[in-house]
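>>> next one to model:
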Amino acid sequence: MSLDKSIYKKLSDEELILEFQKENVEAFSELVLRYKDKVVNFLYRYTGDRDEAEDLAQDAFVKLYRSKHLYKEIAKFSTWFYTIAINTARTDSRKKSRYNAMSISDYDPENDKDYEIPADVQSPDEYANAGIENYYIQKAIDSLEESFKQVIILRDIEDMDYEEIAQITGLPLGTVKSRINRGREKLKKILNEIYKA
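Next up is the predicted model:
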């Protein structure tokens with residue numbers, strides 16, 4: 001039996017996913033309302049591309065819909081869902097890295113060496129829509145190594161606690177803390193270089 005729609009607003013995330021496991025689609029709709037903007041923002045910071053972030057968020061919600069039965073009450077719903085979102089982004093990034101280079105060996109028949117040209121295209125609306133400071137912060141985040149970028153976004157942008165980040169990333173708590181500290185140092189250095197220029 002489905003609950004009155006207004007009741008879903010009062011339920012915790014964990015109660016909503018349990019209701020959704022009972023096939024109450026309204027519970028899923030409420031979760032989407034609660035998490036859509038947060039997840040898109042998180043994925044935007046992770047990818048640096050708003051359209052890509054929206055596509056990945058949609059993929060993450062589809063995965064949530066299909067794997068609702070995998071959620072167990074031992075974890076916070078947000079931790080479980082952010083794990084789905086980050087894994088979706090990682091998988092997409094791996095796929096892109098395989099196809100994101102163009103071989104130019106055909107242009108030099110005398111030489112059988114393959115040269116790789118990274119496909120790094122900036123869309124004009126990225127410059128127009130973002131404030132200058134936000135643009136440079138995003139560029140600095142993008143330039144971080146994957147291991148630092150992930151924990152910095154979860155801690156400093158999504159404001160998650162260390163324990164939750166450890167659960168999402170599967171890293172020991174000490175590693176999470178040291179990566180956040182080292183990532184912040186690297187970010188600070190990058191931003192100092194940008195603002196000096």
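
>>> OK, contacts around the residue most central in space within the chain?
The residue lying closest to the centre of the chain (C-alpha atoms, centre = their mean) is residue 43, at 3.3 Å. Contact partners of residue 43, counting by C-beta atoms under 8 Å, 6 or more residues apart in numbering, are 52-54, 56-57, 60, 85, 89. All C-beta atoms are positioned from the backbone trio N, CA, C, and that covers glycine.

>>> weed out the non-buried ones from these.
Neighbour counting over those (16 or more other C-beta atoms under 10 Å) leaves 52-53, 56-57, 60, 85, 89 as the buried ones.

>>> among these, which are in helices?
Residues of these located in helices (DSSP state H): 52-53, 56-57, 60, 85, 89.

>>> related to what we said a few turns ago, you'd agree the residue nearest to the centre of the chain is in a helix?
Yes. The assignment for residue 43 (DSSP: H, G, I helix; E, B strand; the rest coil) places it in a helix.

>>> spatially nearest residue to it, not counting backbone neighbours?
Excluding its sequence neighbours, the residue lying closest to residue 43 (C-beta to C-beta, 6 or more residues apart in numbering) is residue 53, at 3.8 Å.

>>> equivalent analysis for residue 153, please.
Once flanking residues are discounted, residue 153 sits nearest to residue 45: 4.7 Å by C-beta to C-beta, 6+ apart.

>>> rewinding a little: now do the residue nearest to the centre of the chain against residue 174, distance only.
Distance of residue 43 to residue 174, computed by C-beta to C-beta, to the nearest Å: 27 Å.

>>> stretch 54-71: how far from the chain's middle?
13 Å (C-alpha atoms, centre = their mean, to the nearest Å).

>>> circling back: can I get the buried ones among the contacts of residue 43 in a markdown table with distance to residue 32?
Below are these laid out as a markdown table (distance: C-beta to C-beta, whole Å):
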| residue | distance to residue 32 |
| --- | --- |
| 52 | 19 |
| 53 | 15 |
| 56 | 15 |
| 57 | 10 |
| 60 | 10 |
| 85 | 13 |
| 89 | 18 |
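
>>> and of the residues you listed, the nearest to residue 20?
Nearest to residue 20 out of these is residue 60 (C-beta to C-beta; 14.9 Å).

>>> got the phi and psi for residue 159?
Per-residue torsions, residue 159: phi 60, psi 40 (degrees, to the nearest 10).

>>> er, residue 171 actually
Residue 171 has phi and psi values of phi -100, psi 150 when expressed as degrees, to the nearest 10.

>>> okay, now residue 84: neighbour count?
Residue 84: 20 surrounding residues under other C-beta atoms under 10 Å.

>>> pretty sure it is touching residue 57, no?
No. Contact between residue 84 and residue 57 fails when scored by C-beta atoms under 8 Å: they sit 10.5 Å apart.

>>> the strand or helix carrying residue 189 - what's its average pLDDT?
According to DSSP states H and E, residue 189 maps onto helix 173-196. Taken as a whole, helix 173-196 carries a mean pLDDT of 88.
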